[in-house]
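*Asks:* what shape does this take:
(one chain, ligands or ions: 2)
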Amino acid sequence: MNYNLEELQDRIKTIANLPTLPHIASRLMQIVNSPNTSADTVAALVSQDISLSAKVLRLANSAFYGIPKSINTLNNAVVILGFKIIQTMVLSLTVFDMFTREDDEDGASFDRNAFWKHSLRCAVIARLLAHRRRRTFALDPEEAFCAGLLHDVGKVVMEQYLNQDFHKALNHARTNGVSIFEAERDVLGYTHCDVASWLTGSWSLPDEIEQPLVCHHEPEEATICADSVMICHLADTLSEIDENDEDAVRETAASLEQKARMVGLSARDLTEAAAEIGAEMERASVFIGKQ
Ligand SMILES: [Fe+2]
Ligand SMILES: [Fe+2]
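*Replies:* Numbers count the residues shown, from 1 in each chain. Ligands and ions are numbered 1, 2, ... in the order given. Take a look at the predicted model:
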């Protein structure tokens, strides 16, 4: 890259007061891996926000997690689902909340609903792929889901805080038939992946979630959590096709086979995952539905 990212980062920090992660989510990221953290501590923290607590309970009882008995308290949710699921749930819900606006007057060329739908598709596919990968070695499906849901968060930050730059890139992409990532790189000298890295730098996210946000367009550049990044890249690519178009699914799976092998998956895993997208999307819609 021939531009100075540090200079750009400073410039962007001055024009865009990049949002910080709200207190509860931020605190949860810090304490969740500590051996001194109990289910009570996590439940007490989440319960400080009534609306967040209600959403967590609603999700915990949804078909997405498929827990057979009903979960009535946050404490039960934490004990039954575990810290990792609560962490990814709170992070997903919080970030989604930060970047959802009702009054989207200037959104003519950036459709937030379509944006979150794409993000959810990527999340669902990443989770399906991570589950399949479990046969060989572990990659947490809930982390894969969360990374997929947030993978393009840099775009929505740009749309909100760097609107002119972002629309310049969108127009360039449209006029020249290139991807938004390429347009950002060519026209602005920085991309939504750089923005995601600047945004989340102080958020204490697990690397398995942060790295896919930063490297999903260039998975081979990832120096850590390469598997999580590759799963997100595969899911992002698959999410662009219509899963009901068998030819498109087969062709895309074949074109991704080499990359899939790098994370212990086959082209068949990709086509089989594609066949499950519809039903999974329905179960996962509770994540971004109106609460
Ligand atoms: Fe992206
Ligand atoms: Fe994407």
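*Asks:* low-confidence ranges, the stretch 101-250 of the chain, go.
*Replies:* The stretch 101-250 of the chain contains residues with pLDDT under 70 at 101-109, 134-137.
*Asks:* near ligand 2, which residues of the chain? Just list them.
*Replies:* By CB under 5 Å from the ion, the residues of the chain that approach ligand 2 are 152, 236. For the C-beta atoms, the positions are set from N, CA and C on the backbone; glycine is no exception.
*Asks:* make it 8 Å
*Replies:* The chain comes close to ligand 2 at residues 118-119, 122, 151-152, 155, 216, 236, 239-240, as judged by CB under 8 Å from the ion.
*Asks:* in the chain, which helix has the most residues?
*Replies:* The longest helix of the chain (DSSP state H) is helix 112-133.
*Asks:* now that one: buried residues?
*Replies:* 112, 115-116, 118-133 (16 or more other CB atoms under 10 Å).
*Asks:* one step back: helices - which of the residues of the chain next to ligand 2 land there?
*Replies:* Going by DSSP H, the helices hold 118-119, 122, 155, 236, 239 from the residues of the chain next to ligand 2.
*Asks:* those: which two are farthest apart?
*Replies:* Maximum pairwise distance in those, criterion CB to CB, is 14.1 Å, between 155 and 239.
*Asks:* okay, buried residues for the stretch of helix or strand residue 282 belongs to please.
*Replies:* Here residue 282 sits within helix 267-284, counting by DSSP states H and E. Within helix 267-284, the residues scored as buried using 16+ other CB under 10 Å are 267, 269-271, 273-274, 276-277, 280-281, 284.
*Asks:* now swap in stretch 186-197 and tell me
*Replies:* 187-197.
*Asks:* related to what we said a few turns ago, neighbour count winner among residue 155 and residue 239?
*Replies:* Higher neighbour count among residue 155 and residue 239: residue 155, with 25 against 22, using other CB atoms under 10 Å.
*Asks:* what about residue 18, which helix or strand?
*Replies:* Using DSSP H and E, residue 18 maps to neither a helix nor a strand.
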